[in-house]
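**Q** compute the structure for the input listed below.
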Amino acid sequence: MKYYIPTSNINLDNILQSECILPPIHYSQRISGYNSFEQIEQLRSFNSIVLFDYPVYFTINDTGRYNFPILIEIEDEYQSNDFEKLQEGVYVCNHAIQITPSNCRVYPLAELI
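**A** Numbering: from 1, shown residues only. Sure thing, here's the model as predicted:
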């Protein structure tokens, strides 16, 4: 099954360098790497990774910065077996999600419209 993680391009360098996506709370506690994670406004109340089983549309209103929406598509049955279902089509994950060239794709949001 495919899952989609909405995020900002500002996080992309951090995600690709660490080869994983962490729950937002973990970034402030890191010893190495980036110690912040740019959460999109609609998901700031979550301390977990929020995933959808369908591509979602969202905008980022951040004038003055090169900040645009992207979706990360994950397809990895091993890592997704313990995602917690919040509601139909929406899941949360409280652990790191490893990304590889074979289990993920990154889409600028405009590409999916």
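**Q** report the buried residues of the host helix or strand of Ile25.
**A** Element membership for Ile25, per DSSP states H and E: helix 24-27. Neighbour-count burial for helix 24-27, counted by 16 or more other CB atoms under 10 Å, picks out 24, 26-27. The way it works is simple: take the backbone N, C-alpha and C, and place the C-beta from them, glycine included.
**Q** that helix packs against which elements?
**A** Judged by 3 or more CB pairs under 8 Å, 6 or more residues apart in numbering; DSSP states H and E, helix 24-27 is in contact with no other helix or strand.
**Q** report all helices and strands that the helix or strand following that helix contacts.
**A** With elements assigned by DSSP H and E, the helix or strand that comes after helix 24-27 is strand 49-52. Using 3+ CB pairs under 8 Å, 6+ apart as the contact definition, the elements that strand 49-52 packs against are strand 3-8, strand 90-93.
**Q** quick one: average confidence on strand 49-52?
**A** When pLDDT is averaged over strand 49-52, the result is 95.
**Q** can you list contacts of it?
**A** For strand 49-52, contacts defined as CB atoms under 8 Å, 6 or more residues apart in numbering pick out 3-6, 21-24, 43, 74, 83, 89-94, 97.
**Q** drop anything exposed from those.
**A** Among the contacts of strand 49-52, those scoring as buried are 3-6, 21-24, 43, 74, 83, 91-93, 97 (criterion: 16+ other CB under 10 Å).
**Q** closest one of the residues you listed to Tyr57?
**A** Of all these, Pro6 has the smallest distance to Tyr57: 9.0 Å, by CB to CB.
**Q** quick one: contacts for the closest one?
**A** Going by CB under 8 Å, 6+ apart, the list of residues near Pro6 reads 40, 42-43, 50, 52, 56, 58, 69-71.
**Q** wait, isn't Gln98 in contact with Ile15?
**A** No - if you go by CB atoms under 8 Å, Gln98 and Ile15 don't touch, sitting 10.9 Å apart.
**Q** run the chain-centre distance for the helix holding Ile25.
**A** 12 Å (CA atoms, centre = their mean, to the nearest Å).
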